[in-house]
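In: have a look; sequence and predicted model below, questions after that.
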There are 2 protein chains.
Amino acid sequence: MSNEDELGTTVLKRKTKYQPRHSWQTWLIGRPLPTSDAPHQTIGKFLGLAVFSSDALSSVAYATQEMLVILAVLGASAYQFVFPLSLAIVFLLAIVTLSYEQTIHAYPNGGGSYIVSRDNLGEIPAQVAGAALLVDYLLTVAVSVSSGVAQIVSAAPSLYPYRVLISVGLVLFIMVVNLRGVKESGIVFAFPTYFFIITMFLTIGAGLVRSFTGALGQVSAPPSLEVHQIGQSLSIFLLLRAFSSGTSAMTGVEAISNGIPAFREPRTKNAGATLIIMACILGSMLLGISFLASFVHAVPSETETVISQIARTTFNGRGVFYWFTMIATTVILIMAANTSFADFPRLSAIMASDGFLPRQLAYRGSRLVYSRGIVSLGILASILIVIFQASVTRLIPLYAIGVFLSFTLSQLGMVHRWWKIGHLKPGEERKERGSILTSQRNWKIKLAINGLGAIITSIVVVIFATTKFSEGAWLVTIIIPLAVLAFSRIHRHYRNLAKKLSLENFGSPPPISRHRIIIPIGGVHRGTLQALRYAKTISDDITAVYVSLDPIEAEKVRQKWEIWGMGCRLVILDSPFRLFIEPLLEYIDEIDKRRQPNEAITIVVPEFIPCHFWNRFLHARTASVLRQALMFRKEIVVTSVPYLVD
Amino acid sequence: MSNEDELGTTVLKRKTKYQPRHSWQTWLIGRPLPTSDAPHQTIGKFLGLAVFSSDALSSVAYATQEMLVILAVLGASAYQFVFPLSLAIVFLLAIVTLSYEQTIHAYPNGGGSYIVSRDNLGEIPAQVAGAALLVDYLLTVAVSVSSGVAQIVSAAPSLYPYRVLISVGLVLFIMVVNLRGVKESGIVFAFPTYFFIITMFLTIGAGLVRSFTGALGQVSAPPSLEVHQIGQSLSIFLLLRAFSSGTSAMTGVEAISNGIPAFREPRTKNAGATLIIMACILGSMLLGISFLASFVHAVPSETETVISQIARTTFNGRGVFYWFTMIATTVILIMAANTSFADFPRLSAIMASDGFLPRQLAYRGSRLVYSRGIVSLGILASILIVIFQASVTRLIPLYAIGVFLSFTLSQLGMVHRWWKIGHLKPGEERKERGSILTSQRNWKIKLAINGLGAIITSIVVVIFATTKFSEGAWLVTIIIPLAVLAFSRIHRHYRNLAKKLSLENFGSPPPISRHRIIIPIGGVHRGTLQALRYAKTISDDITAVYVSLDPIEAEKVRQKWEIWGMGCRLVILDSPFRLFIEPLLEYIDEIDKRRQPNEAITIVVPEFIPCHFWNRFLHARTASVLRQALMFRKEIVVTSVPYLVD
């Protein structure tokens, strides 16, 4: 196809025949996929629950335990508070679920906190939400994998010394799987998710039946308690701390609001229904586990998880059902980490295309996934696991604060959105970047629901920051502002660049009328003459420059130049300190200072290209050093004329 | 000064005003020195002995001990063989000294083994001599520093665990001192050398007097013997092994023959006399120490040196004179290492300018010394010390074989030289690279002396290789051939390159008649237009190439190009696998294939230059990747047109 227009500009479109080659990368992550292979499959409620709920549901594996860790200082009386605190969390869950159900209907193309904040609260709140979410996805990987490995270690205690190694190995495994590109086909996810739901309800059900029939005792041979200040007195602060730890159960609830486009039409209805089903399952599991943990007097420990103790007590030892429970829990935890490997790159790609993160994060890799985001997450999570030695208890104080911050911002954004909708004229429609505003009659009720959500989640943020500050939450309160600062700097850079490069109000500069060429030479030989011959095609204003360390050599060069120099000027620079680059740069600087606006300066460098790798060490490689040195000079062009010898 | 000739070529000579800047390097090794500062000072016999003899004289610090290490398996009867073996070594020393005295007169500009072999035996023997000498200089550093530290450790046993660290630290210290450039002014060297000679003769003298008066007993509390197979029976093989170890005393004898140009006129006479004086001192010291070591029954050990035991016994404990002896020995050993730091870089510079080593080794650094050679030696010696744990006994089997190999080659070269001289016509002179041949009447006697030297030193090489093979000499028999192979490969590379670049029989190729320009663009903006404006000055045959990942973006680019493209052709390449570089390369290849002989192809790359370091991470840096990828294409020129945004 060609296309000639009035300016005489020809535009040709061509298809490339390029086929990617085999390499260790294609071996590891699979053959590259063409862009046209991007999946367009949608899913219903049944598979949707499987795909999006692993993060949320899996958190019941540690939420109860982490409450117990805090309450343990009370001794045996701890157990009476676990169930009431769980009820409070379920209440919180209900409010957040209702709020998000409204968000889903408002943002049918995906309404994560970042998008809702961006459209309704402005740039800074959006960046805060973005930072909070990214930190949180990172922590989800670290916490879920660490907890998954804690389940494995509970079942096979001899693996305890290797928990950090196993955790990092799992993170890298998940990373590679994601680099290959997991088709969210649902089936892969459905089996383990439903397997987890069934075994968990089975465990809870069996436990409840046995407890009501009086057949359930306490944990036999529980792990030893690792708390030092036992016998501390009860305080509101302590209860709030335990509550904060328990709210980690609610991480992952926002997943569905990000993934609405994956649902089958009517997608907002399907997604909303899925969210409510998930919340119900999550709430009842949390209550069940908390009840049983109190009943059997489970002891929070790094060496055996509460889930393991409940399962062991309920099923009378490590039988088939015990193993089912442990395997299901481990698998769902690892799948939860996998969810972050979908969410983190997706959010960073959105933020990168908005100009808040390096643009490369928005490019799809050879397997159509955001490879750079996936690799970043894998590396950061591995570092985090090593630093915190794969301990869930040490990671938890950093976790959840980001989630609740993003909950709050998302609800606040929704409140503002309802406010804007309430002030539309009847029948009016307004298009925003992420959604369409249409006037609605019952906007006040909806505003109230999101408002309540915002208030309650913001209270949780404050409780969290206060009670967990010294344990590690302070780190998050530093990281999020720093991240926001970095985002702003990056954004400013891209914006300035775009402005500087913009062609608006750009008058073409006058054409270049004089073109000076400088050829640094190390001798007079075929390579030099090749560069000279090339330079002759550009301009006649050519100066060769030779840096002289030795007057005898310089004289030889002069004589040869008079024969071979095609009449061009040769400047011999004396270098008393035996330096090559510095006298050249000094000379170029001098020429540059006297330059006129319409003058171009080109440095033509004859560059020797070695045929073998080891040959590199036999040459001084002046050309590349010179290029590096001239890189930051404005408007000096460096041309390498290669000469290969083979 | 300018100079116009018939071709109209202008040659300008300029002095640069460039003054080197301060940096951590100038802080460490001093301000750069101009070439005109090179020293031209010469020295007489007194200072000459000080400058050139530290390597040779210092070897008495370990030669006797290393003989004892071998003989120790014989038990107490070992001591009766030490003195006779030392006599044999002194005999060998006498022959080698006589031979070298002749070499000095023959090569007044310096007659190291490499030069003598090169001029008389050919390329391969010269390379063997070069390899042997380089290996030997390296070992001199490792052995001397290790032995010096062994003296320190003998005097202060608590430092024993840190001996490797101290040794490496000393090597790096000597390296830095040499990088600063030691002016061989002699004074610095004179004091410690003469201090060593005096204290050593004092110790030996005192020992001899006390032994003859019967006042000298055996070593009190000697270190424990570390030999396992004690009680082995006497054999010729064992004696030859001990003899081989003892020949390490003769390392460094060749130093003066390298350094003749440093002597005051009549330099060959001065140098020859200095050599003979040095040999006398060395021989008498060796005999004295060997006698005393046997007399006091010194025990060879890693924890206390034989010198320390002799000094301690002679001076009745660790008094002032003991400390004098130990300090003098340590200092001379470290100065011996320092000598290698002069010899190794000098030889490698000669070999580099002959094209057998990377050319950079022949460049003088900022302080007028061969910095690269100095740094290489420092690093290699440190590695050697770490591998051999600063143990002289473990290093000795590798040592001296190289010295004797170079002795042999040097003597053989001299034999051939006398033969050539003998066949000159009377009064005829012939100039060789390193010396001038003039007919001499007594050439047959001189040939005989060098011939005897060659035979005896070659016998030592064979004895050494046989008796020490399994202890480590095998390593040297591998390294020397490998080094020779590397030298030949390097030489071939430079020779081929010179031939390919030579202007002999070079017909100027026809000038370039068509110049095609390809501009890869990532969008249409000021940076792109700057590159386009630049390209316009080179040629009108311009094609812009845009790699399209997204049809919507491609359409935008097309529209902008029609406005701003200055009528140039635009090719839009579709990239189904979302790759940037590969489709571009494919396109360039295609153009390249259709190129005519007189056609030039230039790729003009608009290169974004970030102002801040961190900005680099925000850009894909296509330009540098492209340059790397195109580097190995023949005759495709890559031009970067930088656009800085500030």
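Out: Here it is on my side, so go on. Numbers count the residues shown, from 1 in each chain, chains lettered A, B, ... in the order given.
In: just give me the residue right at the centre of chain A.
Out: A:F344 (4.0 Å; Cα atoms, centre = their mean).
In: following element in sequence after the helix or strand hosting A:I490, please.
Out: Element membership of A:I490 [criterion: DSSP states H and E] is helix A:473-501. Next along the chain after helix A:473-501, taking DSSP H and E as the criterion, comes strand A:514-521.
In: that following strand: partners in the sheet, and parallel or antiparallel?
Out: Here strand A:514-521 has these sheet partners by DSSP bridges: strand A:541-548 (parallel), strand A:599-609 (parallel).
In: name the surrounding residues that touch it.
Out: With contact meaning Cβ atoms under 8 Å, 6 or more residues apart in numbering or on different chains, strand A:514-521 is reached by A:528, A:531-532, A:535, A:538-539, A:541-547, A:557, A:584, A:587-588, A:591, A:595-596, A:598-606, A:622, A:626, B:537. C-beta: built from backbone N, CA, C; applies to glycine.
In: what helix or strand is the closest residue to A:I449 other than its chain neighbours on?
Out: Excluding the flanking residues, the one nearest A:I449 by Cβ to Cβ, 6 or more residues apart in numbering or on different chains is A:L98, at 5.6 Å. Secondary structure from DSSP H and E places A:L98 in helix A:79-106.
In: next, the buried residues of that helix.
Out: Within helix A:79-106, the residues scored as buried using 16 or more other Cβ atoms under 10 Å in any protein chain shown are A:79, A:81-83, A:85-86, A:89-90, A:92-93, A:95-106.
In: and for the residue nearest to A:R433 when sequence neighbours are not counted, the neighbour number?
Out: The shortest distance from A:R433 to any non-neighbouring residue, by Cβ to Cβ, 6+ apart, is to A:D119 (5.7 Å). A:D119: 21 surrounding residues under other Cβ atoms under 10 Å in any protein chain shown.
In: mind checking how far A:A76 is from chain B?
Out: From A:A76 across to chain B, the span is 55 Å (Cβ to the nearest Cβ, to the nearest Å).
In: oh sorry, the question was meant for A:G252
Out: For A:G252, the distance to chain B - Cβ to the nearest Cβ - is 31 Å.
In: tell me which parts of the stretch 351-500 of chain A are close to chain B?
Out: Residues of the stretch 351-500 of chain A lying close to chain B by Cβ under 8 Å from any Cβ of the partner chain are A:358-360, A:363-366, A:490, A:493-494, A:496-497, A:500.
In: you'd agree A:S257 is up against A:P108?
Out: No: using Cβ atoms under 8 Å, A:S257 is not in contact with A:P108; the gap is 10.6 Å.
In: how about A:S233, what does it touch?
Out: By Cβ under 8 Å, 6+ apart, A:S233 lies in contact with nothing.
In: can you classify it by secondary structure?
Out: For A:S233, the assignment made with DSSP: H, G, I helix; E, B strand; the rest coil gives coil.
In: and what of A:T639?
Out: With three-state DSSP as the basis, A:T639 sits in strand.
In: leaving out sequence neighbours, find the closest residue to it.
Out: In space, and not counting its chain neighbours, A:T639 is closest to B:T639: 4.2 Å by Cβ to Cβ, 6+ apart.
In: next one: A:F407
Out: Ranked by Cβ to Cβ, 6+ apart and with sequence neighbours excluded, the top spatial neighbour of A:F407 is A:T457, at 4.1 Å.
In: wait, what's in contact with that neighbour?
Out: A:T457 makes contact with A:92, A:96, A:404, A:407-408, A:411, according to Cβ under 8 Å, 6+ apart.
In: please repeat the previous calculation with a cut-off of 7 Å.
Out: Residues counted as contacts of A:T457 (Cβ atoms under 7 Å, 6 or more residues apart in numbering or on different chains) are A:96, A:404, A:407-408, A:411.
In: can you tell me which of those residues comes closest to B:L159?
Out: A:F404 (60.5 Å; Cβ to Cβ).
In: and the closest one, how far from chain B?
Out: In terms of Cβ to the nearest Cβ, A:F404 sits 31 Å off from chain B.
In: these two touch, right, that residue and A:V462?
Out: No: using Cβ atoms under 7 Å, A:F404 is not in contact with A:V462, being 9.4 Å away.
In: between the two, which one's more packed in?
Out: The neighbour comparison of A:F404 against A:V462 (other Cβ under 10 Å) goes to A:F404, with 27 against 13.
In: beyond whichever helix or strand the more buried one is part of, next helix or strand please.
Out: Here A:F404, judged by DSSP H and E, is contained in helix A:401-422. Heading C-terminal from helix A:401-422, the first helix or strand you meet, by DSSP H and E, is strand A:429-431.
In: what sits up against that next one?
Out: A:424, A:436-438.
In: PyMOL command to pick out the buried ones of those?
Out: Entered in PyMOL, the line below selects the buried ones among the contacts of strand A:429-431, by 16+ other Cβ under 10 Å:
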select buried, chain A and resi 437
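In: what's the helix or strand for the residue nearest to A:F407?
Out: Using DSSP H and E, A:T457 falls within helix A:443-468.
In: any idea how far that helix is from the middle of the chain?
Out: 26 Å (Cα atoms, centre = their mean, to the nearest Å).
In: for chain A, what spans make up the strands?
Out: In chain A, strands defined by DSSP state E lie at A:2-4, A:10-15, A:429-431, A:436-438, A:514-521, A:541-548, A:569-574, A:599-609, A:636-644, listed in chain order.
In: now the ones you listed in CSV, with distance to B:G522?
Out: Listed next are the strands of chain A as CSV, based on distance: least, Cβ to Cβ, whole Å:
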stretch, distance to B:G522
strand A:2-4, 21
strand A:10-15, 17
strand A:429-431, 30
strand A:436-438, 33
strand A:514-521, 25
strand A:541-548, 31
strand A:569-574, 37
strand A:599-609, 22
strand A:636-644, 18
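In: rank the ones you listed by pLDDT, which is bottom?
Out: Here the strands of chain A differ in mean pLDDT, and the lowest is strand A:2-4 at a mean of 42.
In: on that earlier part again, and which of the contacts of strand A:429-431 is nearest to A:G48?
Out: The nearest member of the contacts of strand A:429-431 to A:G48, counting by Cβ to Cβ, is A:I436 at 23.2 Å.
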